[in-house]
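1. here's my sequence, what's the structure:
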Amino acid sequence: MPSTKTLREGSTPKRAAILAAARELFLANGFDRSSVDAVAARAGVSKRTVYDYFGDKRTLLQAVVDTVGESLVATIRRILDDTLTDVADLTETADLEDVLVAFSMRIATDMLGSAEYATLQRLVRTQAGSVPEGGENALADTPDEALAERFAAFAEAGLLDVPDARLAADQFIALTFNVPLNRYGSANAAEDSRVRPLVVEGVRTFLRAYRAG
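-> Okay, here's the model as predicted:
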């Protein structure tokens, strides 16, 4: 069971060093073979400091997963801001198709093709069962909700008809990214040219369902 004692926020540089050391060791050696002593030594802190900041090794693993997830959420928000903000410039759904494809392809390359995403996948896949049950993941809802906000704005502009913006966001993600993931085992367009045609068709299918009028 994770420790229930009150944890220290502590020094930001020390906390970052512990997380970086834990990430490297968990990826290189696996969770079970990475000791708190080894994490402390690599981070240049005492073993007591690791326990004071994170409580136990499983909670430390969750913190590593959350940190990687937060980095990916920041990437998604940046892509949203780069591609889906200029609602006033969109005059018809053909323009909307272009920006939705541009957004999706940026996600499929900049995010799904990133080292951070590969790290998250490896951590979750290889350390399954070690992450505390019910542990929060920064990727769980935030990207879907941010995309839903953009779809609501498109609806207000008369471009989409979305009675439930969050449902529309979930369906968009399923159509654009889950299809290549299920078919090819990856939606990383940076490494697989087969992804783009499926993403484009997913966008078009979404617009056939949600196009205003």
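2. quick check: next helix or strand after the lowest-mean-pLDDT helix or strand in the chain?
-> Of all helical and strand segments in the chain, the minimum by mean pLDDT, DSSP states H and E falls on helix 115-126, at a mean of 86. Under the assignment DSSP states H and E, the closest C-terminal helix or strand after helix 115-126 is helix 142-156.
3. other SSEs contacting that next one?
-> helix 57-83, helix 165-173 (3 or more CB pairs under 8 Å, 6 or more residues apart in numbering; DSSP states H and E). (Glycine included, C-beta is placed from N, CA and C.)
4. gap between the least confident helix or strand of the chain and the chain center?
-> 11 Å (CA atoms, centre = their mean, to the nearest Å).
5. got the angle between it and helix 57-83?
-> Going by axes from the mean of the first three to the mean of the last three CA atoms, to 10 degrees, helix 115-126 is angled at 140 degrees with respect to helix 57-83.
6. how far away is Leu123 from Phe54?
-> Distance of Leu123 to Phe54, given as CB to CB, to the nearest Å: 15 Å.
7. ok, now which ones touch the nearest residue to Ala152 once chain neighbours are set aside?
-> Closest residue in space to Ala152, ignoring its immediate chain neighbours: Ala165 at 4.3 Å, by CB to CB, 6 or more residues apart in numbering. Applying CB atoms under 8 Å, 6 or more residues apart in numbering to Ala165 gives the contacts Ala148, Glu149, Phe151, Ala152, Ala155.
8. now the protein, which segments are flagged as low pLDDT?
-> For the chain, residues meeting the criterion pLDDT under 70 lie at 1-10, 91-94, 126-141.
9. returning to what we had before: let's see if you can find the most crowded of the contacts of Ala165.
-> Phe151 (23 neighbours; other CB atoms under 10 Å).
10. so that residue makes contact with Leu160?
-> Yes - counting by CB atoms under 8 Å, Phe151 sits close enough to Leu160 to count as a contact (6.0 Å).
11. shared neighbours, those two?
-> With CB under 8 Å, 6+ apart as the test, Phe151 and Leu160 both reach Ala168, Tyr210.
12. of all the contacts of Ala165, which comes closest to Glu201?
-> Glu201 has its nearest neighbour among the contacts of Ala165 in Phe151, at 18.9 Å by CB to CB.
13. distance of that closest one relative to Ala108?
-> 19 Å.
14. ditto for Val36
-> 38 Å.
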